Each structure stands twice: as C-alpha cells, then as structure tokens.
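1. here are the coordinates; sequence isn't available:
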C-alpha cells in the first residue's frame, strides 16, 4: 500500500533536504499533517517570506534582508581586513568567536571539478572588483589584509592557491595574504591528533 | 608481535569461532574450501584494513548474518592490545582499540603482518597495478604517514582528471584554448599535483632502496648462485616541466599521464627483466626473497618481527626453498601456516607447533572454551 499522491509528494520534497532520509521525511510530513490549517499556513508564509526577503549582500555575499549586510554596514568593523570564507555557515562560525573585527567575502563554494565547480562559479570577480574599489580609496602606505579561512581539504587548498595567483596578478603590494593556522584542537589530547595535524602544528609552532 | 586470540562472529563461513594461539608456530589444517584462508584473512584485515580477496565488506559477512565481528587480543612490544572490529554489509565499520573508538584506518598502525599467498607470484608476473598495490600495502605498515599521503594524491588526481575532462568537453584541446581563469586553475592543480605525487614517489623510492639489498641477499642465499636480484623503481620526481611535456596527451585523454599511479617497478635478475626471462622457480625465489626482506624491514622499523602468514605456499615451493623459508624465519616470529596435509616438509617444523583443524567454518581439535562475551557498537 502506498501513500496518497499529495502525501507522497510532501515526503519527496522533505527528502530533498540534506541529511534527511526516508524515515525522517516521513516523520516530518506526518507532523505537518497533524497541525491545524492556520499553523500550516503560517509555516508556508514564513518559508515564502524568508525566500523573498533574504538576499545576498551585494558586497560580501553574506545573507541579509537588505542590499548590504549588517557586517558591511557596521562602521566599527575594520574594512582593511577581509576574511574569505567558503559559505555563510563558516562566516557564522567565525562570528561566534567574537575575535574577528574585520569584514568578509563569501565565495559560495570551493573549486571542485569533480562536482563541476570551477573558479568561475565562485564570487571571485566580485571580490577583485570590490578590492579594486577599496584599493583606489586607500592611502599608498596602508595595508589590506586578506585572511583565507578555507578548509584544508584538497579543494580548499586548490581554492587558496587560486586566490593567491589572482592576488599576485593584482600586483598591488598593499595586499597582504594570510591564512588560518592549522594546529591542535583545544582541549584534545596530543596523542590523539592524527600525524598530519600534529606535524603541521609542530611546523607552525609559536614562541611560548 | 603476537596474536594471542581471535574470536569471530559471522565472519565469512564462521558463524562463531574462538581461537587461542599458544605457540609461535601454528598449522591450520583442513580440506579445501573449509575456511583456512579466512583465518589468515582476519589477520590481514587487522593489519592492512582491507583484504585482497574481498572487494566489498559485504563479502566478509556470513550469508545468514547482517554483520561480522572480529575480536582479537595481541601483544606488541610487551604491550597488550585488544581490538574489536565490527564490519557491516554496508561497508561502515566500527573499530575499538583497547576499548576506545578509532577511525577504521587506524588498524594500519597496530597489528603488523606479512603474508605470503599463492597468488603473490603475480607481484612478478602481473600488471604494474598489482605491483603498486603491493608497494602501497607494505609501505602503509612501515611508514604511518604514507596512507594519508597516498589518499591525498588520489584526491588531487581525481580532481585534476576531472578538470581535464571538463576542458575537453568544453572543446579546449590545447593549453592555448584556455582562458586566463582556466590557465590559472590548471597551474593550481599542477602545483598541488606535483607536491602530492612527489611525496608518494619519494616514499616508494625510499622503501625500494631499503628493501633491495636485503632482498638481493636473500635471493642469492635461496638460489645458491651469484645471480643478482635488483629492483628498479621507475617512479620519477616530477616538476612543472615534466607535466608540460605530457600536456598534449593529458588533454587528449582527459587524464593525468605521469605520476605514481602510472609508476612501474621492475624485478631484474642479472639485469634481465624477471617477468620476461626468469623461470617459474626463479620467480618464486624472488617472491620469497622480497617477503623475507619485508620481515626484516618490519623488525628494523617496529623493533620486532611481524606475524608471518603462509597460505598453502609451501606446496608451491620445492623442498630446498621450503626448508630455506622455514629455517630462515626467526624462531620468535609468530608464523601461521595453512595446509591441506602435513607432508614431509612440515613434519620437523610441526614438532612444537600448535595444530588446528578446520572443517566447514568450525575449529576442531583445539580447546575453544572461550565464549564470546564482549560488546561493540
């Protein structure tokens, strides 16, 4: 026996979400059916409104409900420090640290030919354009730091190397490229770190 | 290195089995297709993660059961080791070492074994990929960083190949067809590729350099002649220039044409290629020599000999070579042999060996009172 068509469609839609398998999709669909028509309408409205009002920041591609996101608008933020991240999720993770006071640029992915993602699919032309504008307004002795906060996977490394090439073509000595240090996770035992992490942490050791 | 006990649940044709090893020498005896080799396979999995005989984990699970459990106790450099491995048909594994969860690949670093199987002569006779597989599995046990480096190279290779394919599909067959962004991306993949490829090639070349003199010494002892065994690893360190030399071919095939995935290893006897000119007996001697050399390298790296697994290979060797093999193995080394019968060759060797009889996935003839009372999941 199969579900009636509308219910099956509903389950199918839920299944399209990441990490949602058939069982979870079924549970979500049944939960939805138990709600009152008003509740469901409200839910549908919230979804539509979210989609309608949430847009990408025209400067940094963070999510926002206006043209420029809160971070880019914030005058206390240091615009001479631009942190380059893969996704908005990573931006949020960095924001949670309350450490970083600069601004961001969200790439919207990383280079991965296997998934059909090339450098041209990332928000990189937008990056060079905005950096050019910024450099034009800057004093000759100022520095513009680009912090690469990209994962250390093969794809992440390729993306970082590509950006490095892009920036060297810029040929502006005021641009300074940095990347996050790779090292030991806080609170973890030394002997549980894998060899690569440990070796890298050792290489990048700092004065105590 | 000594495996003291094995408990199996749902592994291959063993519904349930418990084995205690109480001698350095064990002879597993039984008719064909009773499950002798499956026991050696258990130890291979515990040391190499994968088994050459199983392409999927579901092959390892008993027909009637959903999952297999391997539980082993061992001693390594006087330290106790307890390993519990749960193998699911899906391929997802759960590993506990001394009751602590680890990633399944962590198995590579705890139990060390060298196996000598009937089809190992294919290392000489078979395709280059067979030789690379052998290199990879041995080096992974000797150098703990190797597996990560190899995995990294394979990932970059897959991405780079995919990058070439995409270019070709888009109608770019030459470097000059690329736009600046594509040229930059190609340079990026080249740079990553060169570093990762050279890491792998370097470790392989190093290994061959260490193995060769030991294997050559064994070979001349086995053959009793002054024929010289040499191992010629054809892997080269690559640079940007090397990649540009094959650029046209890379484009044409949408594939990376130089790198460790294409390397060849040659076995030479007095300078002649063994796979073309050596006799069957000489080839067996080469296999024997490299296996014995593997044992020595383990001893050097890990401070003790690994477990030696001999799967029915004695039958393949003539009497002199059998004797040589059995006598040249250090008496402290744990050796597990499978055989269909204890012939003349094993008579002397079997004197103080533990003899275990296997019949249709059951261990007969040894006391197996130990019960399965552990918990993993």
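-> That came in fine, so what should we check first? A quick note: this is a predicted structure, and the numbers were derived from the prediction, not measured.

2. A strand includes residue B:32, no?
-> No. Read with DSSP: H, G, I helix; E, B strand; the rest coil, residue B:32 is coil and lies in no strand.

3. Over to it: give its phi and psi.
-> The phi and psi values for residue B:32, taken as degrees, to the nearest 10, are phi -70, psi 150.

4. need the contact list for it.
-> residue B:340 (C-beta atoms under 8 Å, 6 or more residues apart in numbering or on different chains). Using the backbone N, CA and C atoms, a C-beta is placed for each residue, glycine as well.

5. Which positions in stretch B:197-210 come out as buried?
-> If you call a residue buried by 16 or more other C-beta atoms under 10 Å in any protein chain shown, then stretch B:197-210 has these buried ones: B:197-201, B:203-205, B:207-208, B:210.

6. residues near the residue in chain A that chain B sits nearest to, how many?
-> With C-beta to the nearest C-beta as the measure, residue A:113 is the residue of chain A nearest to chain B, at 3.8 Å. Neighbour count for residue A:113, taken as other C-beta atoms under 10 Å in any protein chain shown: 21.

7. Please report the distance of it from residue B:249.
-> Using C-beta to C-beta, to the nearest Å, one gets 19 Å for the distance from residue A:113 to residue B:249.

8. Next: residue A:132.
-> The value you get for residue A:132 to residue B:249, if C-beta to C-beta is used, is 39 Å.

9. do residue A:114 as well
-> In this view, residue A:114 and residue B:249 are 21 Å apart by C-beta to C-beta.

10. Of those two, give the one with the bigger neighbour count.
-> Between residue A:114 and residue B:249, residue A:114 has the larger neighbour count (other C-beta under 10 Å), namely 16 against 12.

11. The residue of chain A closest to chain B touches residue B:167, doesn't it?
-> No. With contacts counted by C-beta atoms under 8 Å, residue A:113 stays clear of residue B:167, the gap being 9.2 Å.

12. excluding its backbone neighbours, what's nearest residue B:114?
-> Spatial nearest neighbour of residue B:114, excluding adjacent residues (C-beta to C-beta, 6 or more residues apart in numbering or on different chains): residue B:294 at 4.6 Å.

13. Residue B:28: what secondary structure?
-> strand.

14. Show me what it bridges to in the sheet.
-> Bridge pairing for residue B:28 (DSSP bridges) gives the partners residue B:338, residue B:356.

15. next structured bit after the helix or strand containing the residue nearest to residue B:114?
-> Taking DSSP states H and E as the criterion, residue B:294 maps to helix B:280-302. Using DSSP H and E, the next helix or strand after helix B:280-302 towards the C-terminus is strand B:307-311.

16. looking at chain B, which helix or strand does the model trust least?
-> In chain B, no helix or strand scores lower on mean pLDDT, DSSP states H and E than helix B:344-347, which sits at a mean of 81.

17. which residues touch that one?
-> Residues contacting helix B:344-347 (C-beta under 8 Å, 6+ apart): B:27, B:314, B:319, B:322-323, B:326, B:337, B:339.

18. wait, isn't residue B:282 in contact with residue B:225?
-> No. Here residue B:282 lies out of contact with residue B:225, judged by C-beta under 8 Å, at a distance of 9.6 Å.

19. of the two, who's got more company?
-> Ranked by neighbour count (other C-beta under 10 Å), residue B:282 and residue B:225 place residue B:282 first, with 20 against 13.

20. just the residues of chain A that are near chain B, which are they?
-> Counting by C-beta under 8 Å from any C-beta of the partner chain, the residues of chain A close to chain B are A:111-114, A:116, A:118-120, A:153-155, A:157-158, A:161-162, A:165-166, A:194-196, A:199.

21. Now, of those residues, which are buried?
-> A:111-114, A:118-119, A:154-155, A:157-158, A:161-162, A:165-166.

22. Could you list which of those residues belong to helices?
-> Those of those mapping onto helices are A:154-155, A:157-158, A:161-162, A:165-166, per DSSP state H.

23. quick one: low-confidence parts of the chain?
-> Chain wasn't specified; assuming chain A. A:1 (pLDDT under 70).

24. sorry, should have said chain B
-> For chain B, the ranges with pLDDT under 70 are B:365-377.

25. list the buried ones in stretch B:30-43?
-> Neighbour-count burial for stretch B:30-43 flags B:30, B:34-43 (criterion: 16+ other C-beta under 10 Å).

26. when you scan the helix or strand encompassing residue B:161, is anything in it near chain A?
-> Residue B:161 is located in helix B:146-169, with elements delineated by DSSP H and E. Yes. Judged by C-beta under 8 Å from any C-beta, helix B:146-169 comes into contact with chain A through B:148, B:152, B:155-156, B:158-160, B:162-163, B:165-166.

27. Confirm residue B:231 sits in a strand?
-> Yes. Assessed by three-state DSSP, residue B:231 belongs to a strand.

28. Surely it and residue B:219 touch.
-> No. Judged on C-beta under 8 Å, residue B:231 makes no contact with residue B:219 at a distance of 10.3 Å.

29. Neighbour count for those two, which is higher?
-> Comparing residue B:231 with residue B:219 by other C-beta under 10 Å, the one with more neighbours is residue B:219, at 24 against 20.
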